[in-house]
Structures are given as C-alpha cells and as structure tokens.
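Chemist: give me coordinates for this.
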Amino acid sequence: MAHHVTLGGRDVRYFDVGEGRPLVLLHAFPLSADMWRPQLEAPPPGWRLIAPDLRGFGGTTRDVASPGGRVDAPATAIDEYAGDVLQLLDALEIDRAAIGGLSMGGYVAFGLARRAPERIEALVLADTRSEADSDEARANRMAMLDTIRRGGSRAVAETMLPKLLGATTQATRPGMTKEVRRLIEANGPAGLADAVRCMMDRPDSTPLLATLACPALVVAGREDVVTPVALHEQMCARMRRATLVVIDRAGHLSNLEQPQAFGEALAGFLAAL
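Modeler: Here you go, the predicted model:
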C-alpha cells in the first residue's frame, strides 16, 4: 500500500488506495501518514485516498542533502509543506483533489488554499484551527523545541499523549495510547523540530476562510482540548459552504479514536460532492 517517489531529490513515502476522485489526507504533528490507516483500509466508494508523509516524518526524507540533520538547523515554512503536496499531485498527474488535514495537516491545507485554490475541489478540516499561534502558544512551541533537544521523539510522546487523546480513549482504549506513542517515536527529532518552527511561524489563515469557494467539512472531537469545539464553530461560521460534525468520545485525533464515526462523516460529505 505504501509507495515511494523522488521529488526534487527528496524521497517521499505515500499511501495510495481506492479508485475514483482523489482525496489527499495530511497528517497531524507529531505523527505520520500511518495515522490515516483506518480510513485507508475502507476508502469511500468512488474515491482514491492519497496520504503522504510530510517532509521529515515517517518515510519521507527531511532534506535533500541531509536526511537526518541537526535539530537546530533552519526550518522550512508551513506553505513549503503545501508545495511538497503540490509536487506530489503533479507527479501523480492529478489536477484537482479534495484536501483533508487534521491539526498540522489542516495548517498545510490552508497553505494549499493560499498557493493553489483552483486545485482544491473540497476541504476537510479536522481538529485544527485557522488562527496563528498566540504568544502563549509560541512559548509552548519553544518549550517543545527544548523537549525535542533534550529527549527526542520519546520525550515528545510523553509530553503530548495526554493532550492528543480524549478522556474516553485514555480510559477505555489503552492500545490506542500505545499505537500513537509508536507513531510518534518513529519520527526523527530534526523533522519534529522543523515542524514546530513551521507551526510557530505560520500565518493567520482566518482571513482566508471567507474567500474559500469550495465546500468544506469541519470535524471536531468533542473531547478535544487542543482545538476545542468552539474554535471549529467559529471557523465554520466564517466559511461560505461549511458543515460542522462533532464526534463524541473523541479528542484531538478523532479519525483514530472514533474511526467509524469519522468515516461516516467523511463518506457522507464526499458522496454529496
């Protein structure tokens, strides 16, 4: 199911399943495209699901010259991740696609909307936000960079797991905690640090919302403490053609925590396009 392609000298790993109209799924920090496996295992009828690892995550190399690299090396910008996705679409000869992103993947989806809105058929924005980081959030990002320097991906997992998964998942699905930990720890510290800097410096996408002409599905886990439901309601209200779905018993990783409910919401949205 995993494929590899060389783009600009960088090895890119991506999943590609199903047949029909394309939907690109962009993963959260600090995971990889493997977080979309529940959806990849059951693509909606008539849809082709493509899930790439962003640079420095999973099986995608971070840098052309140095796949590993130092944690303190300069980072790319969030919209350059979007440029990588456009390169992949070009390589796959896909002119237009639906774009879905969860958390950091949503930030990259906004980057795609800035760079090439004409190539977006629809948007799926899950457990994400349009605003740039506040001063408090930037301070937390700086603390995360220190965590990465001191303890690598294992320390990131220890710090983030309590916030990533909802209370119901943590209480009833210990196996999910173990799986998310595995996905986090599979990533290298340099790629994680790059992403933290990109998120910290990303632009405010709120003014972009009113300009989006495509239909959008906004998904929120009811127990999400990172991006609460209220943020999704505000984001949805600013968009012309947005539908909000709140998923019970799910936190920040709603597609993993409640894959059936997430899949039903996704399939219903796609079927109406």
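Chemist: alpha carbons only for contacts and neighbour counts from here, please
Modeler: OK.
Chemist: pull up the pairing partners for the lengthiest strand in the chain, direction included.
Modeler: For the chain, the strand with the greatest residue count under DSSP state E is strand 10-18. Strand 10-18 has its sheet partners listed here by DSSP bridges as strand 2-7 (antiparallel), strand 47-52 (antiparallel).
Chemist: and these as CSV, adding mean neighbour count and mean pLDDT?
Modeler: Shown next, in CSV, are these (neighbours: other Cα atoms under 10 Å; pLDDT from 0 to 100):
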stretch, mean neighbour count, mean pLDDT
strand 2-7, 13, 95
strand 47-52, 23, 98
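Chemist: hmm, back to that, what comes into contact with the longest strand of the chain?
Modeler: 1-6, 33, 40, 43, 45-55, 58-64 (Cα atoms under 8 Å, 6 or more residues apart in numbering).
Chemist: of all the strands paired with strand 10-18, which one is nearest residue 204?
Modeler: Residue 204 lies closest to strand 47-52 among the strands paired with strand 10-18, at 24.2 Å (Cα to Cα).
Chemist: and that closest one, how far out from the chain middle?
Modeler: 13 Å (Cα atoms, centre = their mean, to the nearest Å).
Chemist: go ahead and confirm residue 161 touches residue 179.
Modeler: No: taking Cα atoms under 8 Å as the definition, residue 161 is not a contact partner of residue 179, at 10.7 Å.
Chemist: tell me the buried residues in stretch 36-43?
Modeler: If you call a residue buried by 16 or more other Cα atoms under 10 Å, then stretch 36-43 has these buried ones: 36, 38-40, 43.
Chemist: what does stretch 133-144 give?
Modeler: Applying a neighbour-count criterion of 16+ other Cα under 10 Å, one finds 133, 138, 141-142, 144 buried in stretch 133-144.
Chemist: looking at those, which is nearest residue 232?
Modeler: residue 133 (15.8 Å).
Chemist: look up how far residue 134 lies from the nearest residue in space to that closest one that is not next to it in sequence.
Modeler: Leaving aside its sequence neighbours, residue 133 sits nearest to residue 200 (Cα to Cα, 6 or more residues apart in numbering; 6.0 Å). Separation of residue 200 from residue 134 (Cα to Cα, to the nearest Å) stands at 9 Å.
Chemist: ok, residue 249 next?
Modeler: In this structure, residue 249 and residue 134 are 28 Å apart, going by Cα to Cα.
Chemist: ok so, going back, looking at the buried residues of stretch 133-144, which one is closest to residue 271?
Modeler: Relative to residue 271, the closest of these is residue 133; by Cα to Cα it sits at 34.2 Å.
Chemist: part of a helix, is that closest one?
Modeler: No: assigned with DSSP: H, G, I helix; E, B strand; the rest coil, residue 133 falls outside any helix and is coil.
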